[in-house]
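Q: below is the structure, and that's it, no one-letter string:
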């Protein structure tokens, strides 16, 4: 991997873990309302950038390019919804690594089962590390039966299930968008941006019926909405740029260092517990992803 690609991935990892922190902080608002505000913010903030890129280097988009940009909107909408539901039920330091690890695991298994790839012993050991890490991080920390406000905590199994489903969407949109930027030559900026105007339009009928709640979420979580609106597209566009000139086998594992950032943020800024176990499990997931890529 080139130094430029590595730099892009590390910046993207920090940005990705950070906007997930903001999503977790706003998880109590109701998934659709926060996601819609995030999508509207991202659409507006990045529209001038997309316009400048399109004018400077006019893209030649076919009908298939538009199909893939619409498809990424569908997949990302499912991803954002499941992620937000997961954060409402569980810790950032649980949902985030399980979701990211599952996405990487499913991508590896798809290569084996669907593409006939033959993993080496190192890759098989890596798959084992990912599975073990996901299981370890999903073990409920029985010492905390209630949240900070003394309300009962939802069963960890619910959050883990939602995180696993989130991983399905992560694997799906990663493969989908990789094909779009490498085979169809869709500009990474357009492919990464397309999901946000799609979500803004798709979720609008659901949220405009309750303008009071929109106003309340905006008033109480404006910094999180705006920060996530900047960082969510930025993180993914940087990954797509790196993918456009680097092998996915190198980029995919490197970006998952964000798992470690997410666990640390959960502890430092949200006071989440079980940190020794979660960090060890997160490190196992990252090591497993690297082993799968190398093997």
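A: Arrived safely, thanks for sending. It should be emphasised that the depicted structure is a prediction, and the values quoted were computed from it without experimental measurement.
Q: apart from its chain neighbours, what residue comes closest to residue 60?
A: residue 185 (8.0 Å; CB to CB, 6 or more residues apart in numbering). Just so you know, the C-beta spots here come from the backbone N, C-alpha and C atoms, and that holds for glycine as well.
Q: hang on, that neighbour is in a helix, isn't it?
A: No - Residue 185 sits outside any helix when classified using DSSP: H, G, I helix; E, B strand; the rest coil, being coil.
Q: phi, psi of it?
A: The phi and psi torsions at residue 185 (degrees, to the nearest 10) take the values phi 60, psi 30.
Q: tell me how far it lies from residue 244.
A: Note on residue 185: its distance to residue 244, by CB to CB, to the nearest Å, is 9 Å.
Q: between these two, which has more neighbouring residues?
A: A direct count of neighbours by other CB atoms under 10 Å for residue 185 and residue 244 places residue 244 higher, at 17 against 13.
Q: name the element the more buried one belongs to?
A: Residue 244 belongs to helix 211-245 when elements are defined using DSSP states H and E.
Q: thought residue 238 was touching residue 10?
A: No - taking contacts as CB atoms under 8 Å, residue 238 lies outside contact range of residue 10: 9.4 Å.
Q: ok, those two, which is more surrounded?
A: Higher neighbour count among residue 238 and residue 10: residue 238, with 23 against 16, using other CB under 10 Å.
Q: find the nearest non-adjacent residue to the more buried one, please.
A: residue 12 (3.9 Å).
Q: surely the one you found and residue 233 touch.
A: No - counting by CB under 8 Å, residue 12 does not reach residue 233; the two are 10.8 Å apart.
Q: where does the protein have low pLDDT?
A: For the chain, the stretches with pLDDT under 70 are 1, 111, 115, 117, 140-155, 247-250, 252-253, 295.
Q: list the buried ones in stretch 20-36?
A: Residues of stretch 20-36 classed as buried: 20-27, 29-36 (neighbour count, 16 or more other CB atoms under 10 Å).
Q: now the helices for the stretch 1-150 of the chain?
A: Ranges of helices in the stretch 1-150 of the chain, per DSSP state H, counting those that start in this stretch, are 3-25, 31-56, 63-89, 92-113, 121-137.
Q: tell me which stretches of the stretch 151-295 of the chain form helices.
A: Secondary structure of the stretch 151-295 of the chain (DSSP H, counting those that start in this stretch): helices at 156-182, 188-193, 195-207, 211-245, 248-255, 258-270, 275-294.
Q: need the winner for burial among the ones you listed.
A: Sort the helices of the stretch 151-295 of the chain by mean neighbour count, taking mean count of other CB atoms under 10 Å, and helix 188-193 sits at the top with a mean of 23.
Q: what packs against that helix?
A: helix 31-56, helix 63-89, helix 156-182, helix 211-245 (3 or more CB pairs under 8 Å, 6 or more residues apart in numbering; DSSP states H and E).
Q: out of the helices of the stretch 1-150 of the chain, the one nearest residue 175 is which?
A: With respect to residue 175, and counting by CB to CB, the nearest of the helices of the stretch 1-150 of the chain is helix 92-113 at 6.6 Å.
Q: got a list of what the residue nearest to residue 238 touches?
A: 234-236, 238-239, 242, 255, 258 (CB atoms under 8 Å, 6 or more residues apart in numbering).
Q: of the residues you listed, which is the nearest to residue 82?
A: Within those, the smallest distance to residue 82 is 16.5 Å, found for residue 236 (CB to CB).
Q: still on that earlier bit, distance to residue 69 for the helices of the stretch 151-295 of the chain - can I get that in a markdown table?
A: Converted to a markdown table, the helices of the stretch 151-295 of the chain look like this (distance: least, CB to CB, whole Å):
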| stretch | distance to residue 69 |
| --- | --- |
| helix 156-182 | 7 |
| helix 188-193 | 6 |
| helix 195-207 | 8 |
| helix 211-245 | 12 |
| helix 248-255 | 19 |
| helix 258-270 | 24 |
| helix 275-294 | 27 |
